[in-house]
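Enquirer: coords please:
(one chain, ligands or ions: 1)
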Amino acid sequence: MNRPLHVHVVGAGLAGLAAATALASRGVRVSVYEAGPAAGGRARSYLDRELGVVIDNGNHLLLSGNRAAMAYLARIGARDPLTGPAQPRFPFIELPSGRRWTVAPNAGRIPWWVLVPSRRVPGARLYEYLALRRLMRAGPGETVASLLAPGALARRLLEPLAIAALNTMPAEAEARLLGAVVAETLAQGGAACRPLVAREGLSESFVHPARDFLASHGGELRTGTRLAAIETAAGRVTLLRFAGADVALGPDEAVVLAVPAAVAPTLLPGLTAPDAFEAIVNLHYRVTADLPGGTGFNGPAGGAGFIGIIGGTAEWLFARPHVLSVTISAANRVVDRDAGDLARTVWPEVTAAAGLTTPMPAWRVVKERRATFAATAAQNARRPGPRTAFANLILAGDWTATGLPATIEGAIRSGDRAAAALLDPDTAPQTGPNPA
Ligand SMILES: Cc1cc2nc3c(=O)[nH]c(=O)nc-3n(C[C@H](O)[C@H](O)[C@H](O)COP(=O)(O)OP(=O)(O)OC[C@H]3O[C@@H](n4cnc5c(N)ncnc54)[C@H](O)[C@@H]3O)c2cc1C
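Expert: Sure thing, here's the model as predicted:
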């Protein structure tokens, strides 16, 4: 179709917001419809009344090599949205021994850090690092576990990174997806591996500036507006049926469908999309006092603001404004456990990692049951490209075929790609780079 004059974006997660802001920045009229009470989808912050603080639904870590995410933040004019250590550093603690180390890649592309004891993974042998090359060259269907050399590097770095990035256990996770992350971050040198988190909260960094950007570019964002059905005729979308109101589409109008994988096939019967999911569990503990230094976690001397925990139930601990927040990924294995039981199991691990001796404070457990699609070969093969059978309907979302796992970077790239498919249909990629 010709460049549309008006685009209807359904779903105001980061994929939808990326598409909407990219289109608005090029002068297209944009209407965004979001089923929930606020935009942000799976990356949002909100006031938890019981804890009395703003929390993120889940800790979200980005790396400085996430170029689409950085470009999106620049586009929406987010002011100083991210924070992290000045240099790439990943502190770890192993339980129950309490042994600590910090992985600190050097800035350039030649990875001399793997030779320096104070920067590398303790006990890792040089040949184990060859796994990184194998991951980047992985073929279809190979699992992460099959390409790692058993040893300290796998146990103390690569498996925890794989679980965090893919939200799937290494024995099942498809290696190509991790290889794509490695190629864009670690393999580019430390400058692409600075760990970054939202400074105040996810909504403050990624969502509110996008909302304001849309408003200042003549766009509209309607929350509490759920799409119930899509009507089509002659190979085009002709009507969007919302509860209570229909939107008829003229010949110069198009749709970006940026809803989650579990929802898209209900609106587009016959669409193949991922249908197996993994949970992520986050535990937030309210803290009032300053944290002690010297742990590599939050100390004044270059603390990273987070720490990896090996050998516990907790996997990552983040120091967020007024809360200590724990992430457990690939969490189908724990998601049905009682929340209080989980909070009590994890608190001693938090005190060990953060160097605290205080009793367990007020806590909140957030269980995201469908946090991401399961990053297996079978599920990766179900990811569609952006184009559909309908000329004016484009798909976006972290579950579409981006070649990346379900991440902020993947979601934003899918939104950018959807916008490009409408604005520059001749040059935009027709499918994702990784359909099986
Ligand atoms: C707990 C957790 C931790 C994570 N940690 C990280 C991390 O550390 N780093 C990282 O990069 N990524 C992380 N992710 C992944 C990241 O959050 C997602 O990849 C990204 O937010 C997905 O964005 P999206 O726009 O594709 O989908 P979504 O955010 O799901 O957006 C889809 C939107 O569509 C709306 N919608 C659904 N149905 C309808 C309908 N019928 N009509 C209108 N609107 C509808 C939904 O309400 C939602 O707002 C994490 C995810 C979770 C859940």
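
Enquirer: Quickly note the distance from the closest residue to residue 95 other than its chain neighbours to residue 392.
Expert: Excluding the flanking residues, the one nearest residue 95 by C-beta to C-beta, 6 or more residues apart in numbering is residue 311, at 4.3 Å. All C-beta spots, glycine's among them, are computed from the backbone N, C-alpha and C. Going from residue 311 to residue 392 by C-beta to C-beta, to the nearest Å gives 52 Å.

Enquirer: Ok, residue 69 next?
Expert: In this structure, residue 69 and residue 392 are 28 Å apart, going by C-beta to C-beta.

Enquirer: cool, and residue 54?
Expert: Between residue 54 and residue 392 the distance, using C-beta to C-beta, works out to 39 Å.

Enquirer: if you count what's nearby, which of the two comes out ahead?
Expert: Taking neighbours as other C-beta atoms under 10 Å, residue 54 and residue 392 compare with residue 392 leading, 22 against 18.

Enquirer: who's in contact with that one?
Expert: Residues near residue 392 by C-beta atoms under 8 Å, 6 or more residues apart in numbering: 1, 4, 236, 237, 249, 253, 254, 255.

Enquirer: Inside strands: which ones of the residues you listed?
Expert: 236, 237, 253, 254, 255 (DSSP state E).

Enquirer: Might one say that the first one is in contact with residue 391?
Expert: Yes: judged on C-beta atoms under 8 Å, residue 236 makes contact with residue 391 at a distance of 5.5 Å.

Enquirer: re earlier: in PyMOL, how would I select the buried members of the ones in strands among the contacts of residue 392?
Expert: Buried subset of the ones in strands among the contacts of residue 392, written as a PyMOL selection, criterion 16 or more other C-beta atoms under 10 Å:
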select buried, resi 236+237+253+254+255
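
Enquirer: Tell me the one of the ones in strands among the contacts of residue 392 nearest the ligand?
Expert: Lowest distance from the ligand to those (C-beta to the nearest ligand atom) belongs to residue 255, with 11.4 Å.

Enquirer: Quick check: the gap between the residue of the chain positioned farthest from its centre and the ligand.
Expert: Taking C-alpha atoms, centre = their mean as the measure, the residue most remote from the mean C-alpha position of the chain is residue 234, 36.7 Å away. Distance, residue 234 to the ligand, by C-beta to the nearest ligand atom, to the nearest Å: 24 Å.

Enquirer: residues near residue 193, how many?
Expert: 22.

Enquirer: scratch that, residue 125
Expert: Residue 125 has 11 neighbours, counted by other C-beta under 10 Å.

Enquirer: Ramachandran coordinates for it?
Expert: phi -90, psi 150 (degrees, to the nearest 10).

Enquirer: who's in contact with the closest residue to it other than its chain neighbours?
Expert: Nearest in space to residue 125, with sequence neighbours left out and distances taken as C-beta to C-beta, 6+ apart, is residue 151 at 6.4 Å. Residue 151 sits next to 123, 124, 125, 128 when contact means C-beta under 8 Å, 6+ apart.

Enquirer: Can you classify residue 107 by secondary structure?
Expert: For residue 107, the assignment made with DSSP: H, G, I helix; E, B strand; the rest coil gives coil.
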